[in-house]
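J.: Make a model of this:
(3 chains)
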Amino acid sequence: MKRFLAKTYIWILLILLYTPLILIAVFSFTESKVLGSWTGFSTRLYENLFTGRIQGSATLLSAVENTLLIALVSAAVAMLLGTVAAIGIFNLQGRKRRVVSFLNNIPMINPDVITGVSLFLLFIFLHFSQGYLTVILAHISFGTPYVVLSVLPKLQQMNPNVYEAALDLGATPVQALRKVLIPQLRPGMVSGFILAFTMSLDDFAVTFFTRGTIGLETLSTYIYADARKGGLTPELRALMTLIFLIILILLIVINVRQAKMNKDKE
Amino acid sequence: MASEEHIIDLKHVSKRFGDKTVLDDINLYIRKGEFVTLLGPSGCGKTTTLRLIGGFLAPDEGEILLDGKDISSIPPYKRPFNTVFQRYALFPHLDVYENIAFGLKLQKVPEDEIERRVKRVLKLVSMSDYEDRDVDSLSGGQQQRVAIARALVNQPKILLLDEPLAALDLKMRQDMQIELKEMHKKLGITFIYVTHDQEEALTLSDTIVVMNEGKIQQIGTPIDIYNEPVNCFVADFIGESNILKGKMLRDRRVAFIKHEFDCVDEGFGEMTPVDVVVRPEDIYFTTDPAKCQFKATVNSCTFKGVHYEMWVDTDTGYELMIQDYDPYPVGAEVMLYIDPDDIQVMRKERTRNVMDGKMVDETHVEMIGGVFECLPQEGIAPGDDVRVTVRFEKVDLEDHQEEGVVAGEVHFLLYKGDHYHLTILTEDGYHVWVDTNDIWDKGDLVGITIAPEDLLIEKKNEA
Amino acid sequence: MKRSHWSIPYVVFMAIFVVLPLVLVMVYAFQDGTGHFTLANITRFFTDADALTTFAVSLEIAIENTLICILLGYPAAWILANKDLNRSAITIILFIMPMWINALMRTLATAEIFNMLGIRLGKGTLLFGMVYDYLPFMIYPIYNVLAKMDKSYQEAAQDLGATPWKVFWKVTVPLSMPGVWSGVLMVFMPTVSTFAISEFLTNNKIKLFGTIIQENINSSMWNYGAALAFFMLIIIGITTLFTGDQKEAEEALI
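T.: The predicted structure follows:
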């Protein structure tokens, strides 16, 4: 009985959560302009997406491109910066460590509007013309804390002597880093990268404030503009469905990997 | 095996972490081929000493010599030493073979030679069939062997071992002790071994270095250390012992537990307060009234496997521990004697607390991080530097830290037959020694108070 | 070089891109357009009926949203973390996944459904959409804490005579508070400050505080925008004070 109630509750919540997404997926296979009116099965929206035969297609496709480019570059930089930082923070002690950890928390606690506005003011203040670079810098600033938080536990799990053991066996500090530290931190670095990457993909507000006036569009800003013009471009439904699937697959892969790693440990 | 030639010399080495001194003027030499053990409780500085030798830490003062040459500034990867770490520190992303070959690969040793040498050390540690195994799939004992093999394959001049057996269970530990000893004999290189386990140290070592609170307490062979501890700490730390307050009456005659005994010690002077150590296996039962030196009543008797451990109350009111192969029933009146050879007399490190202080006003003195009330002092003005003397038994301990003038914790305790002798470490890092009949445990938090009349205050000489 | 020095590049980076911007928010908030010190932006907020109402409405919606998320999310997290009731890792992934999908897309999808069903957009739809957007952010940290919790606490409580109900309220709930707090952190502040989401879900009928900030910044009223952002910062400060132990809340996140 208890099990039944619990299952029912979970499934009701899941159905509520997924109805909109599923609806979009369903209506991505019809050509109608608005959601809810079925005009027969068609894969036209997907075809258009790939062939680029959409109204304003150039902007949608370049928005997708920009989004991916910004996410990749910012997540990669965040991974490097965050990993080095995590090693440093791990070796800090007492008050210094608390201060740096506190700083690291700020971007995660700050709502994106504040992050966006504050960075906007920074670039104005520094007379820094806004565009790709400023968006990427902004994304690095909110992505890196997630890398730090993913790498730190790996450092904690690591036997504190392995680095010294490498030195002891004749490795220079750089060799010890490359051959011993990095391989052990890699899982944390990868999940930090993925977190930073998805945070960047998902971002709207920070990009909105830091992209300047050069007409740089990411998927989020494109959707925002599109929706404000009244009604979504139908092809977006196909795009959303694709993104949804990609993320689903990514998440399952990560989780299976993690489960496998946990099993290996046992 | 050990030659007279020194391989390592530590000269006036000190190390501080922040404002905590972990090593205080260490002087030590290690002979080539020797098996040396650094022994002491946690926090005594033994691991720090090993890390200094290994090059993972740099000394704040003093120098470390290898074959007479200073190596303080040589990084660990250039020192001809290898270390077996406490929790092995095997690289989890590499298999057994790759772990062992790690150092050789870095030295760009040819592949076929690496293989030969790895196989040879694997055989040495009896792990020949495990080359391809993942290190996580090995048991603690097997990981240990791999860690030793990984260190030895580089043919170090010295093998450093940091509590290598601490994580193993008792049986495995004993087996590994024998193997280590044999390996040492076979290889002929110097082993420097760190442990807090006195049995392990006694079993393995040619030389034991007993350390406590950053200082070397005693250096000697296992037999020397066991039979002739130089102070209460060593006596208490190594093996079981009865440590008692005594008085040297004259050469070869000592009084303790309110009886007089012949002993073999000389040169302490007449009527000198001393500490006396008698090992529990050195107190003998006798039925011969002529041999009997004192009488006692058995108050507990516990079987310990090989022997029985008995606590007896002497006719003079002291409690002693005795180990014997034959049990005596609780309540039995027994006659006891001790051989002169088995009485170890030690000079007292101190006979009372002597503390530096400063007068705050006429009836208050500031010392050990607190202000104590004292009797009005004549001839000492507020602000004067003073020396305050307090007898051990006059220091009172309170259950709650806030009830004392100064807060501290019980840092070390010794049972001296009829009372406990405690070392209290105050919050500000001062030591206070206390004699008490109350029972405390190590680590208990206490407050320190001293009655005004028990503070003996003298003005310090201007010089 | 000490390995603790490796944190220096990041500290420098954060000083420029995290600390300095926040300082600038405060500086701009107390300046007029020509860079002179003024309290005008602050006083303007307290006399700006529009901004004050929005501020109040935003707080109200955020509090309601947070409470609903806790009420719906805690039981869900508890069920997911309970090995007897849920053995599948997939259900957990399903709950986490919406977190990874563009919030704007999800919001638009929700708004489309309301349109399809002919429901008029307003406060009700806004709250529904907000809960829909933020529920996973509440469930995930609570689930994390509950799943990592040492079972022996509950067993010890049972052993000492607590009924399952008592065990839940006296042991499980107090011990899971770090998760709830980090959930609150991830739901409350973003709700107050969202823009776009409220526009889509109410057809621009209800503005939230984030929208006002955005409008001011976009119409080049940087100083007043900064002042409004400054008030947000104060609320953030207060919420983080309430959410207590940073470290525990942070651990619940990863």
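J.: Ramachandran angles for the residue of the stretch 101-250 of chain C found nearest chain B?
T.: Nearest residue of the stretch 101-250 of chain C to chain B: residue C:148, at 21.9 Å (Cβ to the nearest Cβ). C-beta here means a position set from N, CA and C on the backbone, and glycine is covered the same way. Phi and psi for residue C:148, reported as degrees, to the nearest 10, are phi -90, psi -10.
J.: Same check on residue B:425?
T.: Dihedral angles of residue B:425 (phi, psi; degrees, to the nearest 10) stand at phi -100, psi 120.
J.: Then residue A:248?
T.: Main-chain dihedrals, residue A:248, degrees, to the nearest 10: phi -60, psi -50.
J.: From what I see, it and residue C:100 are in contact.
T.: No. Applying Cβ atoms under 8 Å, one finds residue A:248 not in contact with residue C:100, separated by 9.1 Å.
J.: Those two: which is more packed in?
T.: More crowded of residue A:248 and residue C:100, by other Cβ atoms under 10 Å in any protein chain shown: residue C:100, with 19 against 15.
J.: wait, what's in contact with the more buried one?
T.: Counting by Cβ atoms under 8 Å, 6 or more residues apart in numbering or on different chains, residue C:100 touches A:198, A:202, A:247, A:251.
J.: Just give me the neighbour total for residue C:41.
T.: Quick note: residue C:41 (other Cβ under 10 Å) scores 22 neighbours.
J.: Okay, and the closest residue to it other than its chain neighbours sits in which element?
T.: Residue nearest to residue C:41 in three dimensions, not counting chain neighbours: residue C:227, with 3.6 Å by Cβ to Cβ, 6 or more residues apart in numbering or on different chains. Element membership for residue C:227 (DSSP states H and E) is helix C:222-242.
J.: any idea how far residue A:134 is from residue B:110?
T.: Remark: distance between residue B:110 and residue A:134 (Cβ to Cβ, to the nearest Å) = 54 Å.
J.: Among these two, which residue is more densely surrounded?
T.: Of the pair residue B:110 and residue A:134, residue A:134 is the one with more neighbours under other Cβ under 10 Å, namely 22 against 9.
J.: That one - that's part of a helix, no?
T.: Yes. The assignment for residue A:134 is a helix, going by DSSP: H, G, I helix; E, B strand; the rest coil.
J.: So it is in contact with residue A:211, correct?
T.: Yes. In this structure, residue A:134 is within contact of residue A:211 by Cβ under 8 Å, at 7.4 Å.
J.: pLDDT wise, what is residue 2 at?
T.: No chain specified, so I'll use chain A. Predicted confidence (pLDDT) at residue A:2: the value is 78.
J.: wrong chain, I was asking about chain C
T.: 72.
J.: Residue 126: neighbour count?
T.: Went with chain A since none was named. With other Cβ under 10 Å as criterion, residue A:126 counts 12.
J.: not what I meant, chain C
T.: 26.
J.: How many neighbouring residues does the closest residue to it other than its chain neighbours have?
T.: Spatially, and ignoring its direct neighbours in sequence, residue C:126 is nearest to residue C:201 (4.6 Å; Cβ to Cβ, 6+ apart). Around residue C:201 there are 29 other residues, counting by other Cβ under 10 Å.
J.: For residue C:201, give me phi and psi.
T.: Torsion angles, degrees, to the nearest 10, at residue C:201: phi -80, psi -20.
J.: Next, give me the two most distant ones among the contacts of residue C:100.
T.: A:202 and A:251 (13.7 Å; Cβ to Cβ).
J.: Contacts only, for the residue lying farthest from the centre of chain B.
T.: For chain B, the residue at maximal distance from the C-alpha centroid (Cα atoms, centre = their mean) is residue B:112, at 46.1 Å. Listed by Cβ under 8 Å, 6+ apart, residue B:112 has no contact partners.
J.: State the next helix or strand along the chain beyond the strand or helix carrying it.
T.: Element membership for residue B:112, per DSSP H and E: helix B:111-124. The helix or strand immediately downstream of helix B:111-124 is helix B:140-152, counting by DSSP H and E.
J.: Could you list every helix and strand that that following helix packs against?
T.: Helices and strands touching helix B:140-152, by 3 or more Cβ pairs under 8 Å, 6 or more residues apart in numbering or on different chains; DSSP states H and E, are strand B:81-84, helix B:96-106, helix B:111-124, helix B:170-187.
J.: Give me the distance between residue B:310 and residue B:324.
T.: Between residue B:310 and residue B:324 the computed distance is 7 Å (Cβ to Cβ).
J.: okay, the two: which has more neighbours?
T.: A count of neighbours by other Cβ under 10 Å puts residue B:310 above the other of residue B:310 and residue B:324, at 26 against 16.
J.: Pull the contacting residues for the more buried one.
T.: By Cβ under 8 Å, 6+ apart, residue B:310 lies in contact with B:298, B:300-302, B:321-324, B:327-328.
J.: out of these, who has the most neighbours?
T.: Ranked by neighbour count (other Cβ under 10 Å), the contacts of residue B:310 have residue B:322 at the top, with 25 neighbours.
J.: What are the phi and psi values at that one?
T.: For residue B:322, the backbone dihedrals (degrees, to the nearest 10) come out as phi -130, psi 140.
J.: Please give me every residue in contact with it.
T.: B:280-281, B:283, B:285, B:309-312, B:336.
J.: Let me see the confidence value for it.
T.: Value for residue B:322, per-residue pLDDT: 95.
J.: now do residue B:208
T.: Residue B:208 is given a pLDDT of 96.
J.: I'd guessed it sits against residue B:225; true?
T.: Yes. The pair residue B:208 / residue B:225 is scored as a contact, 5.1 Å apart, by Cβ under 8 Å.
J.: Overlap in contacts, these two.
T.: Common neighbours of residue B:208 and residue B:225, using Cβ under 8 Å, 6+ apart, are B:202, B:218.
J.: re earlier: just so I know, which of the helices and strands packed on helix B:140-152 lies nearest residue B:215?
T.: Comparing those by Cβ to Cβ, strand B:81-84 comes nearest, at 23.8 Å.
J.: If we go by neighbour counts, what in the closest one is buried?
T.: Using 16 or more other Cβ atoms under 10 Å in any protein chain shown as the test for burial, strand B:81-84 gives B:81-84.
J.: What is that strand packed up against?
T.: Checking 3+ Cβ pairs under 8 Å, 6+ apart, strand B:81-84 ends up next to helix A:162-168, helix B:46-54, helix B:140-152, strand B:158-162.
J.: Compute the inter-axis angle for the longest one and strand B:158-162.
T.: It refers to helix B:140-152. Per axes from the mean of the first three to the mean of the last three Cα atoms, to 10 degrees, the angle that helix B:140-152 makes with strand B:158-162 is 150 degrees.
J.: and the helices and strands packed on strand B:81-84 as TSV, adding mean neighbour count and mean pLDDT?
T.: Below are these laid out as TSV (neighbours: other Cβ atoms under 10 Å in any protein chain shown; pLDDT from 0 to 100):
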stretch	mean neighbour count	mean pLDDT
helix A:162-168	24	90
helix B:46-54	23	93
helix B:140-152	23	91
strand B:158-162	24	94
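J.: To residue B:422, which of these lies closest?
T.: Residue B:422 lies closest to helix B:46-54 among the helices and strands packed on strand B:81-84, at 23.6 Å (Cβ to Cβ).
J.: And the next helix or strand past that closest one?
T.: Next in line after helix B:46-54, if elements are assigned by DSSP H and E, sits strand B:61-66.
J.: Identify each buried residue in that next one, please.
T.: B:62, B:64-66.
J.: what about the residue in the stretch 1-150 of chain C that chain B sits nearest to, neighbour count?
T.: Relative to chain B, the nearest point of the stretch 1-150 of chain C is residue C:2 (11.4 Å; Cβ to the nearest Cβ). Other residues within reach of residue C:2, judged by other Cβ under 10 Å, total 8.
J.: What sits closest to it if chain neighbours are left out?
T.: residue A:91 (7.0 Å).
J.: Before we move on, what's the pLDDT of the one you found?
T.: At residue A:91, pLDDT is 87.
J.: pLDDT weak spots in chain B?
T.: Across chain B, the ranges flagged by pLDDT under 70 are B:1-3, B:462-463.
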